[in-house]
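Peer 1: Mind looking at a prediction? Sequence and model below.
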Amino acid sequence: MTQIELLRLHCKLYDFVTAKELVDKIFHELKSTAAGWDQWIEFVPAALRVFSELKSTTQLETLKTMILGIGEDESPQSSIWALKGRVGMENKNLPFAESCFQKALASATTAAETERALYGIGIGHIFKGQSLDAKIIFSQLFQATEDNETKIASLILLSQALNSLNDPVQALSTLNQAKALCKVDRNHYLWISSLSAEVEICLLMGQIEKAQASLNLIEGLLPSDYRGASHEKVQTVQTLMTRALTNVGFELVESAGRIILRTPDRQVLDLTTQPILVLLLHILSGQPRKCVSKEEICQALWSIPYHPFEADNKIYVTIRRLRVALGDQTEKPRYILKKNDGYMLNPDYQFTSFQYKYFASELESR
C-alpha cells in the first residue's frame with residue numbers, strides 16, 4: 001500500500017489526526033523529490049479533504065493557491081482543471097468552478113478524468129437547483145464508475161437530487177444503497193454523510209423514530225472527542241432533531257429545494273409548490289401577537305393597494321387555501337384567526353423557520 005493509499009484509508013476511517021501527519025509527510029516528499037503530476041493528482045484531493053475537515057486554514061489556502069497557480073502548459077490539463085474546479089467550489093465561486101469542470105470534461109482522455117469532470121459538473125447542478133440534470137449525471141456516474149468511493153458519493157448526491165424532485169422515498173432507498181456500500185468499503189466518512197442526509201429526509205417526512213435511529217448511529221461512528229468540520233455538520237443535524245422533538249408549534253423547514261411545514265398536531269405538509277402560502281405564513285408569523293391588516297397582505301402577496309371590491313375575495317380565497325392545508329376550520333379556526341379587519345397566527349403556537357443548505361465541503365467527497 002502506497003502512502004497516498006494509506007492516507008485515503010485513514011480519511012475513510014475518520015482518523016484525521018493520523019491523516020494530517022501523512023499529509024504533511026507526503027507533501028514534503030513530493031516537493032523535495034520533484035514528483036510527477038500523477039502523484040500530485042492523487043494526493044491533492046485527499047489533502048484538501050484533510051485540511052477542510054480539520055479547518056487547517058493556512059495550509060488549505062496555501063494548497064489552493066498552489067493549484068490555481070499551475071499553468072495550463074505545465075500539467076495534464078483535464079485533471080488540473082478538475083482540481084481548480086474543486087478549489088472554485090471550496091471558495092464558493094460557482095461560475096469559475098463550472099468553467100473549470102467544463103474544460104476538464106472537454107480535455108479528458110481517460111474514464112477517470114471524465115468521471116472527475118462530471119462529478120464536479122453534477123455538484124454545480126445541485127448548487128443551482130438543477131436537480132433533474134444532477135439526477136442524470138449521478139445516476140450515470142454510479143453505473144459507470146468502478147471506484148467504490150465515487151459510487152457512494154454519487155448515491156448520496158443522487159439522493160439529494162431525488163429529494164429535491166419530491167421523491168423522498170426513492171431518495172431514502174438510494175441512501176440505503178450508499179450505506180450498504182459504506183459498510184463493505186469500511187468508509188465511515190461517507191457513512192456519516194449518508195446517515196446525515198437520511199436524518200434530514202426522515203425529519204422532512206415526519207419519520208422521527210427512524211431519524212433518531214440514524215442520528216444514534218452517527219454519534220456512534222463519530223469519535224466522541226472529535227471537533228472537525230463534520231462535527232459541526234452533525235450538530236446541525238442534531239439541531240434539526242431537537243426542533244422536531246420539542247416543536248410545540250409550526251416549523252417551516254427549507255432544505256434541498258423543498259419546503260416542508262410541520263404543524264402542532266405533527267402533520268407534515270409539502271408546500272414546495274405553494275409559494276404564495278409560504279409567503280403568507282411568513283407574513284402572519286413576522287408580527288407575533290399582532291393582527292396583519294388586509295392592506296399589508298395585499299402589498300406583501302401581490303404588490304397591489306387594498307380595495308375591498310377587488311381584494312377581499314382574493315384574500316379570503318388565499319386564507320382559506322392555507323386553512324385547508326393546515327386542517328383548520330373557518331367556523332372554529334385554531335391556527336389562522338380573524339381579528340378586527342385582518343388576520344393573525346394564533347399566538348398560542350410558536351412559529352419557527354429553519355433553512356439547511358449544503359456547503360461545498362459537504363458535497364465534495366473526492
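Peer 2: Now that the structure is in, tell me what you want to look at.
Peer 1: Let me see the mean pLDDT of the helix or strand harbouring R86.
Peer 2: Here R86 is covered by helix 77-90, with elements defined by DSSP states H and E. The pLDDT scores in helix 77-90 average 91.
Peer 1: export it as CSV, just CAs?
Peer 2: This file holds the C-alpha atoms of helix 77-90, laid out as CSV (Å, rounded to 0.1, in the frame of the first residue of the first chain):
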residue,chain,number,x,y,z
GLN,A,77,-4.9,19.6,-18.5
SER,A,78,-8.1,17.7,-17.5
SER,A,79,-7.0,16.6,-14.0
ILE,A,80,-5.7,20.0,-13.2
TRP,A,81,-8.8,21.8,-14.4
ALA,A,82,-10.8,19.4,-12.2
LEU,A,83,-8.7,20.4,-9.2
LYS,A,84,-9.1,24.0,-10.0
GLY,A,85,-12.8,23.5,-10.2
ARG,A,86,-12.8,21.9,-6.8
VAL,A,87,-10.9,24.9,-5.4
GLY,A,88,-13.6,27.1,-7.0
MET,A,89,-16.2,25.1,-5.1
GLU,A,90,-14.3,25.5,-1.9
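Peer 1: In the stretch 1-150 of the chain, what residue spans correspond to helices?
Peer 2: 3-12, 16-32, 37-53, 57-68, 77-90, 94-106, 111-127, 131-144, 148-164 (DSSP state H, counting those that start in this stretch).
Peer 1: okay if I get those as a markdown table plus mean neighbour count and distance to L252?
Peer 2: For every residue, glycine as well, the C-beta is placed using N, CA and C. Formatted as a markdown table, the helices of the stretch 1-150 of the chain follow (neighbours: other C-beta atoms under 10 Å; distance: least, C-beta to C-beta, whole Å):
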| stretch | mean neighbour count | distance to L252 |
| --- | --- | --- |
| helix 3-12 | 18 | 36 |
| helix 16-32 | 17 | 35 |
| helix 37-53 | 20 | 30 |
| helix 57-68 | 15 | 34 |
| helix 77-90 | 24 | 28 |
| helix 94-106 | 19 | 26 |
| helix 111-127 | 22 | 22 |
| helix 131-144 | 19 | 20 |
| helix 148-164 | 24 | 17 |
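Peer 1: I'd like the ones you listed as JSON lines, with distance to Y316 appended.
Peer 2: Supplementary listing: the helices of the stretch 1-150 of the chain in JSON lines, determined by distance: least, C-beta to C-beta, whole Å:
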{"stretch": "helix 3-12", "distance to Y316": "58"}
{"stretch": "helix 16-32", "distance to Y316": "58"}
{"stretch": "helix 37-53", "distance to Y316": "52"}
{"stretch": "helix 57-68", "distance to Y316": "55"}
{"stretch": "helix 77-90", "distance to Y316": "47"}
{"stretch": "helix 94-106", "distance to Y316": "43"}
{"stretch": "helix 111-127", "distance to Y316": "39"}
{"stretch": "helix 131-144", "distance to Y316": "35"}
{"stretch": "helix 148-164", "distance to Y316": "33"}
